[in-house]
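Undergrad: Kindly return the folded structure for what I paste below:
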Amino acid sequence: MKKYINSMLLLSIAGVVVSGVLLYQHYFPDFEMGFITCGKGFSNPCITVGQSKYSTLFGLPVAAYGLFYFILLSFLILVADYAQDKFYKILCGIIFPLIIVGLFSDVVLGILMIKIGEICGLCIFTYVLNILLFVIMILFIKNNFSRKEIIDSVLNFFKPANSDEKASLSLSILFSFFLAFAVFTSTNIIKMKSGVNKTPEAQKAKHLTTFYNQQPEQIDYIKSNMAMGNDNAKVKIYIFNDFLCSACYKLYQIEKSIFAKYKNSIQIIYYHYPLDSACNKYMDDSVYMNSCMASQSMYAAAEAGFFEEYFYVHFSDYASYKDSFEKDNVTKNISDTEKQFKIKPDSKQKFVSIMENNSGDLQIKEHIEFAEKLKIEATPTIIIAGRKIVGVPPKEILESIIDTELSK
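TA: Residues are numbered from 1 along each chain as shown. So this is what the prediction gives:
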């Protein structure tokens, strides 16, 4: 019996760990745990699935329900292991239906994942764990008990005849209640810490009204080599960026989840607008020193063919150089990009050559003049369907605008 119990306990604990990672990643898309991941950068199927409209149920992430499920299984298995005797039969009678429900849920979630068009490796792993739990439970029952023994034990457990049985039933119910309270309360705490709070409907409506009350401009966009997403996307999002600006970093955090959710339906195109007098003649003083250099590095990465990867690495490490960006930071960023995304040596060499020759000067100047023509005065400035958003809008507002444009 011990080998079945230990195997199920290990599988349940593995489910707790993976569900915890998925839950945390739902609220913190930047979060990665080395080998426990589906991908890197913006091309991470787990984040795409975790940010989809199917990722929540009754306002809570599906991963939170998975966490509750696997912790409950672990608890029941441990109780049966310590109590032994008839509790083994009760364990089978209670856990077996739970696993059946879990398998049914996995089938539904698997269908939804196919509908999304992305395969979350961590999600698949939890499905495999459930299948293994089901197989081990079948073997455990088959080799140790008859169906009648299990049914009788469960019925007797829920109809306690003495004080010990009453205490066991009461403690099990109490634990399940407090476990649910702990898991879902912790989920809301993580949500608050992530800054993800639902925008009030009145405020949301006000933002949308203000946006769509603008008269759309007919803009002839000039060339930019810095783009992510589907070239044939229905919705194009144009962003004027200073790649060292703190507000642009906040937008990046929103962009990651937006890009994950609408990956195949949008394209994000960036334009240089460094708030640095070294290359921006319209700036009397530099707000972000060396942001011209940061723009040069983005141009170089785009020309070398790995803009998306470099952009991701640059902002992932933003906290370390937000107050002081130097050439060493560019060197570290390209080195980290090479390690994380396995870029080709000739692509890296092209990046280095462009940086050494300041080859991005012309495009940066063109973008600055274009920004002035459009009366861009702050970063980030977002343009969607000819209408501007200055600053960082709430994620829900940006999603609503995208949904509106996609529905046209």
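
Undergrad: So, low pLDDT: which residues of this structure?
TA: 30-37, 39, 85-86, 157, 161-162, 164-165, 195-199 (pLDDT under 70).

Undergrad: domains of it?
TA: Residue ranges for the domains of the chain, per automatic domain parsing: 2-194, 201-407.

Undergrad: now those domains as JSON lines including mean neighbour count?
TA: The way it works is simple: take the backbone N, C-alpha and C, and place the C-beta from them, glycine included. As requested, the domains of the chain are exported to JSON lines (neighbours: other C-beta atoms under 10 Å):
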{"stretch": "domain 2-194", "mean neighbour count": "17"}
{"stretch": "domain 201-407", "mean neighbour count": "18"}
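
Undergrad: My reading is that I389 lies in a strand. Confirm?
TA: Yes: checked against DSSP: H, G, I helix; E, B strand; the rest coil, I389 lies within a strand.

Undergrad: from memory it sits against I376, does it?
TA: No: I389 is not in contact with I376 according to C-beta atoms under 8 Å; the separation is 11.7 Å.

Undergrad: residues touching F175, list them.
TA: By C-beta atoms under 8 Å, 6 or more residues apart in numbering, the contact list for F175 reads F75.

Undergrad: Wait, a strand at it?
TA: No: judged by three-state DSSP, F175 forms no part of a strand; its state is helix.

Undergrad: Would you mind measuring from it to A80?
TA: 13 Å (C-beta to C-beta, to the nearest Å).

Undergrad: For the closest residue to E372 other than its chain neighbours, grab phi and psi.
TA: Of all residues not flanking E372 in the chain, Y282 sits nearest, at 6.1 Å (C-beta to C-beta, 6 or more residues apart in numbering). Backbone torsions for Y282, taken as degrees, to the nearest 10, come to phi -90, psi 0.

Undergrad: my read: Y282 touches E369, true?
TA: No: the criterion here is C-beta under 8 Å, and Y282 misses it with E369 at 9.2 Å.

Undergrad: Do a quick rundown of the strands in the stretch 51-200 of the chain.
TA: 56-57, 60-61 (DSSP state E, counting those that start in this stretch).

Undergrad: Put together TSV for the ones you listed, with distance to G93 on each row.
TA: Output for these, formatted as TSV (distance: least, C-beta to C-beta, whole Å):
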stretch	distance to G93
strand 56-57	27
strand 60-61	28
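
Undergrad: Figure out which of those is closest to K322.
TA: strand 60-61 (29.6 Å; C-beta to C-beta).

Undergrad: Parallel or antiparallel, which strands does that closest one pair with?
TA: strand 56-57 (antiparallel) (DSSP bridges).

Undergrad: Distance from the partner strand to the middle of the chain?
TA: On the basis of C-alpha atoms, centre = their mean, to the nearest Å, strand 56-57 sits 15 Å off its chain's mean C-alpha point.

Undergrad: Over to stretch 89-107?
TA: 29 Å.

Undergrad: neighbouring contacts of it?
TA: So stretch 89-107 is contacted by 8, 69, 72-73, 76-77, 79-80, 126-127, 130-131, 133-134, 137, 140-141, 145, 149-154, 157 (C-beta under 8 Å, 6+ apart).

Undergrad: Let me see the contact set for F125.
TA: Contacts of F125 (C-beta under 8 Å, 6+ apart): V18.

Undergrad: quick one: what helix or strand has the residue lying closest to F307 once chain neighbours are set aside in it?
TA: Distances taken as C-beta to C-beta, 6+ apart place A301 nearest to F307, at 4.8 Å, with adjacent residues excluded. Taking DSSP states H and E as the criterion, A301 maps to helix 291-304.

Undergrad: Over to the residue found closest to D284 once you drop the neighbours it is linked to in the chain. Which of the three states is it?
TA: Once flanking residues are discounted, D284 sits nearest to S277: 6.6 Å by C-beta to C-beta, 6+ apart. Secondary structure state of S277, per three-state DSSP, is coil.

Undergrad: Now do the same contact list for S277.
TA: Going by C-beta under 8 Å, 6+ apart, S277 touches M283, D284, D285, S286.

Undergrad: now do K204
TA: Contacts of K204 (C-beta under 8 Å, 6+ apart): P394, E396, I397, S400.

Undergrad: Can you tell me which of those lies closest to F87?
TA: Nearest to F87 among these, with distances taken as C-beta to C-beta, is E396, at 47.9 Å.

Undergrad: Can you pull out the residues in contact with the host helix or strand of that closest one?
TA: Secondary structure from DSSP H and E places E396 in helix 395-407. For helix 395-407, the external contacting residues (C-beta under 8 Å, 6+ apart) are 196, 198-199, 204, 207-208, 211-212, 234-235, 237, 254, 257-258, 261-262, 265-266, 382, 384-385, 389.

Undergrad: for stretch 108-118, same thing?
TA: Contacts for stretch 108-118 (C-beta under 8 Å, 6+ apart): P45, T48, V49, S52, Y54, V62, I119, C120, C123, Y127, K263, N264.

Undergrad: related to what we said a few turns ago, show me what contacts the residue nearest to F307?
TA: By C-beta under 8 Å, 6+ apart, the contact list for A301 reads F307, E309, Y310, F311, I334, T337, F351.

Undergrad: same thing but 7 Å
TA: By C-beta atoms under 7 Å, 6 or more residues apart in numbering, the contact set of A301 is F307, Y310, F351.

Undergrad: Kindly report the same for F70.
TA: S12, G15, V16, S19.
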